[in-house]
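Novice: A structural model of the following input is requested.
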Amino acid sequence: LPATFLSGRAAAGGVALINSVANLGGFFGPVILGYAKSDDGSFTVGFAIMSGILFSGGLLTLFVRTRSRREIA
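Specialist: This next block holds a predicted model:
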């Protein structure tokens, strides 16, 4: 997606930003699951939080793709 909107150095920076956010997710995902497991005794709350974050990320992606199609046309 960043290569669609950006070119050259900006595209590289966009990919690097996405990679950085993904690395943060790789750190905070297990932390959220562990905290929810120790607090509640089950993984249900942690998985609900993680699925909510994933769902909102999907909605943001759909919004960006829909907006870019309108601007191109």
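
Novice: what comes into contact with stretch 27-45?
Specialist: 46-47, 49-50 (C-beta atoms under 8 Å, 6 or more residues apart in numbering). Where C-beta positions appear, they are placed from N, C-alpha and C, glycine not excepted.

Novice: Any of these buried? List them.
Specialist: Buried subset of these (neighbour count, 16 or more other C-beta atoms under 10 Å): 46, 50.

Novice: Now, the contacts of stretch 27-45 that are in helices?
Specialist: Judged by DSSP state H, the contacts of stretch 27-45 include 46-47, 49-50 as members of helices.

Novice: Turn the contacts of stretch 27-45 into JSON lines, columns for pLDDT and distance to Ala16.
Specialist: Listed next are the contacts of stretch 27-45 as JSON lines, based on pLDDT from 0 to 100; distance: C-beta to C-beta, whole Å:
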{"residue": "Gly46", "pLDDT": "85", "distance to Ala16": "29"}
{"residue": "Phe47", "pLDDT": "89", "distance to Ala16": "29"}
{"residue": "Ile49", "pLDDT": "88", "distance to Ala16": "27"}
{"residue": "Met50", "pLDDT": "87", "distance to Ala16": "24"}
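
Novice: Quick check: the farthest pair among the contacts of stretch 27-45?
Specialist: Within those, two members stand farthest from each other by C-beta to C-beta: Phe47 and Ile49, at 7.3 Å.

Novice: residues in contact with Leu17?
Specialist: With contact set as C-beta under 8 Å, 6+ apart, Leu17 has no partners.

Novice: in which helix or strand would I find it?
Specialist: helix 9-40 (DSSP states H and E).

Novice: gap between that helix and the chain center?
Specialist: Computed by C-alpha atoms, centre = their mean, to the nearest Å, the separation of helix 9-40 from the middle of its chain amounts to 8 Å.

Novice: any idea how far Ala11 is from Ile53?
Specialist: Plainly put, Ala11 is 25 Å away from Ile53 if you go by C-beta to C-beta, to the nearest Å.

Novice: Which of the residues in stretch 29-36 are classified as buried?
Specialist: Neighbour-count burial for stretch 29-36, with 16+ other C-beta under 10 Å as criterion, is recorded at 32-33, 36.

Novice: ditto for stretch 47-67
Specialist: Going by neighbour count (16+ other C-beta under 10 Å), the buried part of stretch 47-67 is Met50.
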